[in-house]
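>>> Here is a sequence together with a model predicted from it:
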Amino acid sequence: MISFMSGPWGRLLRGGMGALLVTIALVGMGWSLAWLPLGLFMIGTAVMNYCPAGLMFPEWKKQEQILKSMPSYNLKK
């Protein structure tokens, strides 16, 4: 899941869902405006190509860094 969300399709999905939440917030007004910050956050992470879910799985990042520095050390995700 982290690989998908860090890739181009995950980025597109985050941006699309963020745009949908912003649209819902602006069209619905009232209490639906509570979705606006989440939608803007999702669009921001898509634009910056940063997956915040990676923070919950630090071992995944560690494996990725090991593979970059030592390609022969092939860990399976």
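Cool, got the structure.
>>> residue ranges of the helices in this structure, please?
Along the chain, counting by DSSP state H, helices occupy 2-6, 8-28, 36-48, 58-69.
>>> Adding mean neighbour count and mean pLDDT, write these out as TSV.
Every residue, glycine included, has its C-beta placed from N, CA and C. Shown next, in TSV, are the helices of the chain (neighbours: other C-beta atoms under 10 Å; pLDDT from 0 to 100):
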stretch	mean neighbour count	mean pLDDT
helix 2-6	15	72
helix 8-28	15	92
helix 36-48	15	92
helix 58-69	12	60
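>>> Quick one: residues contacting the closest residue to residue 43 other than its chain neighbours.
Ranked by C-beta to C-beta, 6 or more residues apart in numbering and with sequence neighbours excluded, the top spatial neighbour of residue 43 is residue 18, at 3.7 Å. Residue 18 makes contact with 38-46, according to C-beta atoms under 8 Å, 6 or more residues apart in numbering.
>>> so which of those residues comes closest to residue 10?
Proximity to residue 10 was ranked across the contacts of residue 18 by C-beta to C-beta; first place goes to residue 46, at 8.6 Å.
>>> Look up the closest residue to the closest one, ignoring the ones flanking it.
Excluding the flanking residues, the one nearest residue 46 by C-beta to C-beta, 6+ apart is residue 15, at 3.5 Å.
>>> how close does the one you found sit to residue 44?
9 Å (C-beta to C-beta, to the nearest Å).
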